[in-house]
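> A structural model of the following input is requested.
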Amino acid sequence: MPSTFTSPPTSRLAIIPARGGSKGLPGKNMAVIAGETLLARAVRCAVASGLFDAVVVSTDDPAIAAEGVRAGAEAPFLRSAALASDGAAVVDAVRDLVTRLAAGGRAGFTLVALLEPTSPLRTAAIVAQTVAAAETAGFDAAFTVAAVPTRFHPLKQFRLDPDGAARHLLEAGAAVVNRQELGSSFVRNGMCYAVRMTALAAGHGMLGSRAQAVVVAGPLVNIDDADDLALARQQMEAALNT
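Got it, this is the predicted structure:
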């Protein structure tokens with residue numbers, strides 16, 4: 001029976017991307033922190049924000065899909081193997097999910113948010129701030145960033161030639177002498193991306209055509225390996241004990 005889903009004027013979709021495979025940390029999306037899987041934590045955050053008309057898990061793994069449903073999300077279908085490979089772009093999985101939802105009668109979403117399970121320290125407030133930033137006039141996307149410590153500033157970085165010779169990563173770095181000259185730099189932290197559907201339809205990626213950065217201060221971890229997972233557990237324990 002066709003879906004009777006009718007989107008309101010502002011209809012937002014949250015996608016939790018969670019492939020089953022991971023070389024750096026096998027099964028990382030199902031890793032447990034403070035009694036909850038990373039996947040469930042991301043789903044719960046999306047639901048708790050109260051911003052989304054649908055929260056959907058995008059995965060190729062039936063066990064991850066089932067965990068997403070238990071946590072309060074939908075998992076109406078699995079990703080294809082091609083969209084779950086190491087080289088697959090997450091925006092392609094997003095487009096595929098949106099297309100398949102539309103084919104089932106669930107079209108009309110005005111914004112898509114992406115919450116990666118591997119950034120477990122996000123809050124509903126951070127998600128809300130990112131969505132609001134993407135819906136601000138003059139922008140069609142937003143994403144969370146964290147400040148890069150000065151000692152790791154791009155102008156202080158080098159690359160090494162095959163023979164071991166060091167060269168400034170950025171040519172301007174050769175002229176920088178004082179720390180005060182560096183200014184601030186930021187890195188994506190994976191907590192939240194939000195993009196308007198108009199930008200995706202125009203062929204843009206998750207950063208749209210003009211993205212607003214949402215600076216997140218405080219503890220940060222983006223889990224890629226076992227060391228990152230251990231750090232996340234330490235940070236979560238510290239947060240629970242304060």
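
> Name the residues of stretch 118-137 that are buried.
By neighbour count on 16 or more other C-beta atoms under 10 Å, the buried set for stretch 118-137 is 118-122, 126-127, 129-131, 133-135. (Each C-beta comes from the backbone N, C-alpha and C, glycine too.)

> got the CA positions of that stretch in CSV?
Coordinates of each C-alpha in stretch 118-137 appear next as CSV, following Å, rounded to 0.1, in the frame of the first residue of the first chain:
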residue,chain,number,x,y,z
THR,A,118,31.9,8.0,15.6
SER,A,119,31.5,11.5,17.1
PRO,A,120,29.7,10.5,20.4
LEU,A,121,30.2,13.7,22.3
ARG,A,122,27.6,15.6,20.3
THR,A,123,24.5,17.0,22.0
ALA,A,124,21.0,17.7,20.8
ALA,A,125,21.8,21.4,21.2
ILE,A,126,24.8,21.1,18.8
VAL,A,127,22.5,19.4,16.3
ALA,A,128,19.9,22.2,16.7
GLN,A,129,22.6,24.9,16.2
THR,A,130,23.8,23.2,13.0
VAL,A,131,20.4,22.8,11.5
ALA,A,132,19.6,26.5,12.3
ALA,A,133,22.9,27.5,10.7
ALA,A,134,22.0,25.6,7.5
GLU,A,135,18.6,27.3,7.3
THR,A,136,20.1,30.8,7.8
ALA,A,137,19.6,33.1,4.8
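
> chain center to the lengthiest strand in the chain: distance?
Identified as the longest strand of the chain according to DSSP state E is strand 186-196. Chain-centre distance of strand 186-196: 6 Å, with C-alpha atoms, centre = their mean, to the nearest Å.

> Can you name every helix or strand that it contacts?
When contacts are defined as 3 or more C-beta pairs under 8 Å, 6 or more residues apart in numbering; DSSP states H and E, strand 186-196 packs onto strand 111-114, helix 124-134, strand 141-147, strand 211-215.

> picking that back up, out of the buried residues of stretch 118-137, which comes closest to Gly87?
Set against Gly87, the nearest of those by C-beta to C-beta is Thr118 (17.9 Å).

> that older thread, now that we have the buried residues of stretch 118-137, can you turn them into a markdown table and tack on pLDDT?
Converted to a markdown table, the buried residues of stretch 118-137 look like this (pLDDT from 0 to 100):
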| residue | pLDDT |
| --- | --- |
| Thr118 | 92 |
| Ser119 | 91 |
| Pro120 | 91 |
| Leu121 | 90 |
| Arg122 | 92 |
| Ile126 | 96 |
| Val127 | 97 |
| Gln129 | 97 |
| Thr130 | 97 |
| Val131 | 97 |
| Ala133 | 97 |
| Ala134 | 97 |
| Glu135 | 96 |
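
> circling back to that earlier point, render the CA-only coordinates of the longest strand of the chain in CSV, please.
These are the backbone C-alpha positions of strand 186-196, laid out as CSV (Å, rounded to 0.1, in the frame of the first residue of the first chain):
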residue,chain,number,x,y,z
PHE,A,186,39.5,24.7,12.2
VAL,A,187,38.9,21.0,11.3
ARG,A,188,35.6,19.2,10.7
ASN,A,189,34.8,17.1,13.7
GLY,A,190,31.9,14.9,12.3
MET,A,191,29.4,15.8,14.9
CYS,A,192,26.8,17.1,12.5
TYR,A,193,26.3,18.1,8.9
ALA,A,194,23.1,19.7,7.6
VAL,A,195,22.3,20.6,4.0
ARG,A,196,19.2,21.8,2.3
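
> same question for that strand, mean pLDDT?
Strand 186-196 shows a mean pLDDT of 94.

> Turn the helices and strands packed on strand 186-196 into a markdown table, including distance to Gly183.
Output for the helices and strands packed on strand 186-196, formatted as a markdown table (distance: least, C-beta to C-beta, whole Å):
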| stretch | distance to Gly183 |
| --- | --- |
| strand 111-114 | 28 |
| helix 124-134 | 22 |
| strand 141-147 | 11 |
| strand 211-215 | 14 |
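
> Much appreciated, bye for now.
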